[in-house]
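*Asks:* predicted model and sequence below, questions to follow.
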Amino acid sequence: MEEKLVKFGRQSVSTREYFAPGHRACVGCGEALAVRLALKALGENVVIATATGCIEIISSCLPQTSWRVPWIHTLFENTAAVTSGIEAGFKALQRKEELPSKRIYCVAMAGDGGTSDIGIQALSGALERGHDFLYLCYDNEAYMNTGIQRSSATPYGAFTTTAPPGKLSIGQITWKKNMVAIVAAHDIPYVATACPSYPFDLIDKVRKGAEIKGPAYVHILSPCPTGWRYSTEQTIEIGKLAVETGIFPLYEVEEGKYKMNVDRPELKPIREYLELQGRFRHLPDEEIEKIQQRVEKEYHKVKDKCGV
């Protein structure tokens, strides 16, 4: 397919599809959309390592693949370690002049389970060592590939198959782990949040993260109609509401400096976001108010860091 660049304001977006159609993602999958957008930002001069999870399963059923760039499937826990090895290997080969001296983007991709749970040790080590790589976390807030089990990224009050609501439980009883803050605490050059409901913001951040020298991390909220229990055509609306209610603010941290990318004069009520999703259908009013207060508190923490 011949590549063309289409202008959208100040941005140019490739018409070439590096994530081929025909994959086995669920209808309305926010994660598959996010991967497609990320690959448009990265182009073909890239090597990607992907953890076990939804993206790996839906894109690589032998003998077929949806990847039109070099791609490696690795284990749940070691995506960052494998990508570190790829980056170090390219450096060694270029020093020996066995490869041309050009920038090759080394990119790790994993879900919230492979990032904030099983893979956090390998990720922290890779960030601490200062490898020149980009890590993309596609956060659908549970282990969706294996049956909607809770992860440390599952939000408070959500239904999962391992944290179901009942007479003595509201479902998930812990608050979502702030993975972005954990990564930012490593003092790496670039950290950001993104969502496919804001496609040009996502493309811009993936490009920036890839081009910056040193470790970069982009945490991408990826709405999941199957696990979140909403109608498949609502994926973009759900993602926008996550931002507009403040539950998932869009911001970036570049060389330690925080910047808010979308800041509404007034947040929408969190109820508008929760009521569209079956995973929150059981929540009583007092729990919704509790979530509202928590979201406002955390949102203003980010705003304070951004100086807005």
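*Replies:* That came through fine.

*Asks:* quick check, pLDDT for P63.
*Replies:* Per-residue pLDDT puts P63 at 88.

*Asks:* can you tell me how far it is from T52?
*Replies:* For P63, the distance to T52 (CB to CB, to the nearest Å) stands at 19 Å. Yep, even glycine has a C-beta here, placed from its N, CA and C like the rest.

*Asks:* which of these two has more residues huddled nearby?
*Replies:* A direct count of neighbours by other CB atoms under 10 Å for P63 and T52 places T52 higher, at 20 against 4.

*Asks:* isn't K208 right up against A194?
*Replies:* No: at 10.6 Å, K208 does not count as touching A194 under the criterion of CB atoms under 8 Å.

*Asks:* who has more neighbours, these two?
*Replies:* Each of K208 and A194 has its neighbours counted (other CB under 10 Å); A194 has more, 30 against 18.

*Asks:* in the beta-sheet assignment, what are the partners of that one?
*Replies:* Beta bridges link A194 to I220 when assigned by DSSP bridges.

*Asks:* from now on call the first residue 657
*Replies:* That works, and once the first residue is 657, the last one we named lands at A850.

*Asks:* report the contact partners of it.
*Replies:* A850 makes contact with 690, 857-858, 861-862, 874-877, 906, according to CB atoms under 8 Å, 6 or more residues apart in numbering.

*Asks:* centre of the chain to stretch 860-877, how far?
*Replies:* 11 Å (CA atoms, centre = their mean, to the nearest Å).

*Asks:* number of nearby residues for the nearest residue to I892 once chain neighbours are set aside?
*Replies:* Distances taken as CB to CB, 6 or more residues apart in numbering put S853 closest to I892, at 4.8 Å, once the chain neighbours are dropped. For S853, the neighbour count with other CB under 10 Å is 24.

*Asks:* so which elements touch the helix or strand hosting A866?
*Replies:* When elements are assigned from DSSP states H and E, A866 belongs to helix 855-867. When contacts are defined as 3 or more CB pairs under 8 Å, 6 or more residues apart in numbering; DSSP states H and E, helix 855-867 packs onto strand 667-670, helix 686-698, strand 790-795, strand 846-850, strand 872-877, strand 907-910.

*Asks:* pull the CA atoms of it into CSV?
*Replies:* Presented in CSV, the C-alpha positions along helix 855-867 are these (Å, rounded to 0.1, in the frame of the first residue of the first chain):
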residue,chain,number,x,y,z
PRO,A,855,-6.7,10.1,18.4
PHE,A,856,-4.4,13.1,17.4
ASP,A,857,-3.3,13.5,21.0
LEU,A,858,-2.5,9.8,21.2
ILE,A,859,-0.5,9.9,17.9
ASP,A,860,1.4,13.0,19.0
LYS,A,861,2.4,11.5,22.4
VAL,A,862,3.5,8.1,20.9
ARG,A,863,5.7,10.0,18.3
LYS,A,864,7.1,12.2,21.0
GLY,A,865,7.8,9.2,23.3
ALA,A,866,9.5,7.3,20.4
GLU,A,867,11.7,10.2,19.4
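
*Asks:* pull out the buried positions in that helix.
*Replies:* Neighbour-count burial for helix 855-867 flags 855, 857-866 (criterion: 16 or more other CB atoms under 10 Å).

*Asks:* got the angle for that helix vs strand 790-795?
*Replies:* Counting by axes from the mean of the first three to the mean of the last three CA atoms, to 10 degrees, helix 855-867 points 140 degrees away from the direction of strand 790-795.

*Asks:* quick one: helix 855-867 to strand 872-877, angle?
*Replies:* 150 degrees.

*Asks:* who touches helix 855-867?
*Replies:* With CB under 8 Å, 6+ apart as the test, helix 855-867 has contacts from 664-665, 667, 669, 690, 693-694, 696-698, 702, 761, 763, 790, 792, 846, 848, 850-852, 872-874, 876, 906, 908, 910, 917-918.
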